[in-house]
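Chemist: Structure of the sequence below:
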Amino acid sequence: MVVLAIVGLLAAVAIPSWGDHVTRTQASAATGLLKEVRSRMEQRYADNRSYAAPGGAGCAIPDFLDPDSGFAFACATAAAGQAYTWTATGSGRAAGFVYRIDEAGMEATVSVATGWTSTTMPATRFIVKRGS
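Modeler: Okay, here's the model as predicted:
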């Protein structure tokens, strides 16, 4: 009976911790992909002097879904292809997380899951850890 109580106590602590770890990993993967996409957009701009796709319809890199992180990535261009904003929106375990990056490299956490932060969202960084 004592062994069962100990196992139950360990499970009560370990399972939420594991869940937070998985969510942090997904959020870190999403923000890393946003930075990678920004780099690719800058390469595109250096070659073509525009972030827009040929013909000016949308971004040079199409929207995509990353099944590993559980985030959907969407891009919007502005100023005749001279500006863009990429947005990563989480689903599943990452639901509630939304991150943005733009052509100036401004990183922003738009929202996080309930309970991840008690402060106002920072204007210039990504929150990927509970309590940040």
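Chemist: How many neighbouring residues does the residue nearest to Tyr99 when sequence neighbours are not counted have?
Modeler: Excluding its sequence neighbours, the residue lying closest to Tyr99 (Cβ to Cβ, 6 or more residues apart in numbering) is Ala88, at 4.6 Å. Where C-beta positions appear, they are placed from N, C-alpha and C, glycine not excepted. For Ala88, the neighbour count with other Cβ atoms under 10 Å is 26.
Chemist: Equivalent analysis for Ala29, please.
Modeler: 18.
Chemist: pLDDT score for it?
Modeler: Note for Ala29: predicted pLDDT of 88.
Chemist: where are the low-confidence patches of the protein?
Modeler: For the chain, applying pLDDT under 70 flags the ranges 3-19, 21, 56, 117-123, 129-132.
Chemist: Would you map the helices across it?
Modeler: Along the chain, the segments classed as helices by DSSP state H run 2-48.
Chemist: At the geometric centre of it, which residue do we find?
Modeler: Ala30 (3.7 Å; Cα atoms, centre = their mean).
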